[in-house]
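In: Predicted coordinates and the sequence they were generated for:
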Amino acid sequence: MPPRALANLLFHHFRPLCSSTSTSTSTTISSPSPIDPALLLRLCTVLYQQQDAPDPRFQSHLQKLHLSPSHELFLQVCNRFPYSWKLVHRFHLFLLHSHSFSHTPVTANKLLDVLGKARNIRLLSSFLHDMLAARLVTPRTIRLAARSLAEAREIKKCAELFHLIHSHNYHSLCNVETLNQVVETLCAGRLADVAKAVVAKLRPFIAPDETTYRFLVVGFCKAGALVEASKLWNEMVDVGLEPDVESYEEIVATLFKNNRFADAMRMFKSMRARRFSDLGLSSYRVAIAWMCKEGRISHAHVLFGEMVKRGVGVEDNATLGALVYGLLVRRRIREGYRVFEGVGEPDISLYHGLIKGLLRLRKAAEATEVFREMIRRGVEPMMHTYIMLLQGHLGKRGRKGRDPLVNFESIFVGGLVKVGRTLEATKFVERMMWGGVEVPRFDYNKFLHWFSNEEGVAMFEEVGKRLRNVGLVDLGDIFLRYGERMATRDRRRRAMNGLIEA
């Protein structure tokens, strides 16, 4: 069917469907009922196999299934084909043509989502008009449509959404709250530049408030666009709006990440002067963590004392873990252990701070002992724990062992070849032979992911035994523990539930 004819058919069928207002709730199915999985599978198979068939043949195959149309069935089909607009659209037309099917806001939004993900802007716009006429539009509808248009870089149409809903007498949705929901959705999808353009186009119609600017500032900060975030910050202050704590926190964290420590501290002091009563745990935590990374332990202690005095997060293990790491980096090991031992029930963040600090001091054996103690006390390590320990023992680029059987290159190159990663294996072999060849840093995360299966269990056990036999007991224990507790999903679940002994 030609695209123009398809669009006309869609328009023709959407009108009768959506013209039935929300008062006509006497549909064939009023409450969700369970769908037979076998029937759903047959239906999806027919839709996939007959997606390009002529309409008579397509409809005859669906009629042979003797479907009992329901909203739940339509939602299940949409979930099976979230990016295939053609399958969902043709099934939708079949329901309109053959059954008394009427949309609810949920099913209409689901179809709109499928059309948006498939970037079919023409059908999306047509269906959106029909939803407006049928009074099916909700705030979620506007968010879905705005996200789809923004991803397609249809900035003008994205801004015109509010004029469109206003022309259909949706006055309750033409407000700054709806605009803020749209801006939040776009910024969460890394479309802060589009959100900013939409706000600028709608400024004469809907004035942005503090929440609007907060979403924009946070969105640009998370995208790494500190300059744009600063411009919005200044614009917000110029119009007489006071930034909230979340905006302050994100700006401070972004300044720290860009190695602008002095600017970050000035911004934090400004936040403390203007919003002292609103400062919470997250505000102190981000400042203390970065101070510890920069070695400003005395300043971190002052802030931590202020936090304790105010009764904010007195026993926050993440903040204490940052302090432990900062003390160890400054070689104040006894003080670090004193802080660690002063916590009654340390969690993974506190152990990570201690392990990371010990590895920074090149005390890999001591860090591995802390790792063993962590497991004995019932704190289950995660992937980041193993990656830190492997980097501490083997280095970020790996190393050559004393024994050829446990040579770093032999183990990992052999593993890469085994899983079919011959290109990566060739690069490591070249580095080993010539030394001067520049290759990417070894990715422990990918390595552990590739071998997180039943074959990996046997591999980790064999490698761990070989490492222990040649005297690398700590490194061997790390591999053995990973194979025992983390190599498969079932093993991870059992370890988290305490079904595997330490």
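Out: Sure thing, it's come through. Residues are numbered from 1 along each chain as shown.
In: what domains does the record give for the protein?
Out: By the record's domain assignment, the chain is partitioned as 1-20+37-136, 395-496 (automatic domain parsing).
In: Which one, of the ones you listed, ends up nearest to residue 263?
Out: Each of these has some distance to residue 263 by C-beta to C-beta; the shortest is domain 395-496, at 29.6 Å. Every C-beta, even on glycine, is put in place using the N, C-alpha and C of the backbone.
In: quick one: average confidence on the closest one?
Out: Average pLDDT, domain 395-496: 70.
In: mind checking the end-to-end distance for it?
Out: Criterion C-alpha to C-alpha, to the nearest Å; first-to-last residue distance in domain 395-496 is 28 Å.
In: would CSV of the domains of the chain with distance to residue 229 and mean neighbour count be doable?
Out: Compiled in CSV, the domains of the chain are given as follows (distance: least, C-beta to C-beta, whole Å; neighbours: other C-beta atoms under 10 Å):
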stretch, distance to residue 229, mean neighbour count
domain 1-20+37-136, 28, 17
domain 395-496, 30, 16
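In: can I get these in TSV with distance to residue 223?
Out: Written out in TSV, the entries for the domains of the chain read as follows (distance: least, C-beta to C-beta, whole Å):
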stretch	distance to residue 223
domain 1-20+37-136	22
domain 395-496	23
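In: Tell me which of those domains sits nearest to residue 207.
Out: Within the domains of the chain, the stretch nearest residue 207 is domain 1-20+37-136; the backing value is 24.1 Å (C-beta to C-beta).
In: State the mean pLDDT of that closest one.
Out: So the average pLDDT for domain 1-20+37-136 ends up being 80.
In: still on that earlier bit, and the domains of the chain: which comes nearest residue 210?
Out: Across these, closest to residue 210 is domain 1-20+37-136 (C-beta to C-beta), at 28.7 Å.
In: Helix or strand next in line after whichever strand or helix holds residue 217, which one?
Out: Assigned by DSSP states H and E, residue 217 belongs to helix 210-222. Scanning forward in sequence from helix 210-222 by DSSP H and E, the next helix or strand is helix 226-238.
In: would you put the C-alpha positions of that next one in PDB?
Out: Coordinates of each C-alpha in helix 226-238 appear next as PDB, following Å, rounded to 0.1, in the frame of the first residue of the first chain:
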ATOM      1  CA  LEU A 226      28.700  23.500  31.800                       C
ATOM      2  CA  VAL A 227      28.700  26.700  29.800                       C
ATOM      3  CA  GLU A 228      25.000  26.400  28.800                       C
ATOM      4  CA  ALA A 229      24.100  25.500  32.400                       C
ATOM      5  CA  SER A 230      25.900  28.600  33.600                       C
ATOM      6  CA  LYS A 231      24.000  30.800  31.100                       C
ATOM      7  CA  LEU A 232      20.700  29.400  32.300                       C
ATOM      8  CA  TRP A 233      21.800  29.900  35.900                       C
ATOM      9  CA  ASN A 234      22.500  33.600  35.200                       C
ATOM     10  CA  GLU A 235      19.300  34.000  33.300                       C
ATOM     11  CA  MET A 236      17.300  32.500  36.200                       C
ATOM     12  CA  VAL A 237      18.900  34.900  38.700                       C
ATOM     13  CA  ASP A 238      18.300  37.800  36.300                       C
END
